[in-house]
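>>> Attaching a predicted model along with its sequence, questions to come.
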Amino acid sequence: MKILKYLFFLLLIIVIGSAIYFGTKDGTYNIQDAAIIEAPTEVVFKKVNDYKNWEEWGPWKKEDPTITFTYAEKTSGEGASYSWEGEMSGAMKTTKVIPNKEIEQDLTLYTPAGERNPKVYWKFEEVPDGTKVTWGMMGEHPLVDKIYYSLSGFDFEEAMHKMNKIGLDGIATAVAEDMKQYSINVDGITQYGGGYYMYTTSVAKQSEINEKMTPMMTEVESFINTNNLNTAGKPFTLFNEIDSQNKTVIFSTAVPVREKVITPEGSPVVCGYMEPVTAVKITLKGNYDYLSEAYLKGRQFIKENNHTIDTSKKMFEVYLTNPDKTPNPAEWLTEIYIPVLDTAANNNTLF
């Protein structure tokens, strides 16, 4: 009997001692990982801000194929939420959003040992190579978790770092695929209305056009703003002469204006006039990298429909979206016009 009492008190001392030992151990944690994603900040932010995107890049489905997701009516922005059921069920709610800067979320996990409520946070920072994304989680382990991790040898922080890395890699992959999306549509024969435009001209290798085009377009737009001119349409590029053998192009960047403008002698920006033109119109939605494919489809349409390219007129591209305001290349809209000799055209005057 005395031995039983002794064993009981010994066990009680061990339990109390263990509780004191584990109870005094610091259970707070703040685990974060960061990655540079080669994409505009707004594009990366949107991929994280909407919970419906999380299935695409998250590591959870691979770890638990039985997991199922349920989405609230609001899935992005402050107040958005979703939940899931699986080997470990849970829910998440967005509590704070600073667009393209920060996201804070409340996470609820239903573990065998009870409910856990860590805080999740995201930070987005524009850097020269794209966007620096930081994904973190903070909270405090209760006594039972500290005992379990110590006795089982489970490294909680290592597991979270691994999950974060897989998730961040998943975001990078998903964003890259999103930005590659494009579509090309040959709209057919149309009539482009023509009119006055302000422009500047240069020559470049075909591979250097995009690089030279941006400062040239900025110069034209600056001239228009400085002189309070009224624009009459979207910016465009006019291809004056193409030397296929030397792969060079003489081109003009231009912006339509409402009336003829007389410029001072020596001005780098001058006024031109485009006669109404019958052309095959091709619409590209996507990165400018796919322009060559769009031109190819336009030429195929011309050949298949027995049209003839009007070599006396100049091909041109109209840019419906501004890349500075639309950071995702997959959403860029470009209209391509290849002049043809056909006289029977639709009466679609565009400016």
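Structure's in. What do you need?
>>> The residue nearest to C271 when sequence neighbours are not counted and G195: what is the separation?
With sequence-adjacent residues excluded and distances taken as CB to CB, 6 or more residues apart in numbering, C271 is closest to V261, at 4.3 Å. Where you see a C-beta, it was placed from the backbone N, CA and C, and this is true even at glycine. From V261 over to G195 the distance is 12 Å, taken as CB to CB, to the nearest Å.
>>> contacting residues for the most centrally placed residue in the chain?
In the chain, the centroid-proximal residue (CA atoms, centre = their mean) is V43; its distance is 2.4 Å. By CB atoms under 8 Å, 6 or more residues apart in numbering, the contact set of V43 is V175, D178, M179, P327, N328.
>>> Figure out the helix or strand that the closest residue to the last one other than its chain neighbours lives in.
It refers to N328. Nearest residue to N328, sequence neighbours excluded (CB to CB, 6+ apart): V43, at 4.8 Å. Using DSSP states H and E, V43 sits in helix 41-49.
>>> Can I get that helix in PDB, CA atoms only?
Output of helix 41-49 as PDB, limited to C-alpha atoms (Å, rounded to 0.1, in the frame of the first residue of the first chain):
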ATOM      1  CA  THR A  41       2.500  43.800 -57.400                       C
ATOM      2  CA  GLU A  42      -1.200  44.300 -58.300                       C
ATOM      3  CA  VAL A  43      -1.200  40.900 -60.200                       C
ATOM      4  CA  VAL A  44       0.400  39.100 -57.300                       C
ATOM      5  CA  PHE A  45      -1.900  40.800 -54.700                       C
ATOM      6  CA  LYS A  46      -5.000  39.700 -56.600                       C
ATOM      7  CA  LYS A  47      -3.900  36.100 -56.600                       C
ATOM      8  CA  VAL A  48      -3.700  36.100 -52.800                       C
ATOM      9  CA  ASN A  49      -6.600  38.500 -52.000                       C
END
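>>> Quick check: buried residues in the helix or strand just after it?
Where DSSP H and E defines the elements, the next helix or strand beyond helix 41-49 is helix 54-57. For helix 54-57, the neighbour count (16 or more other CB atoms under 10 Å) marks W54, W57 as buried.
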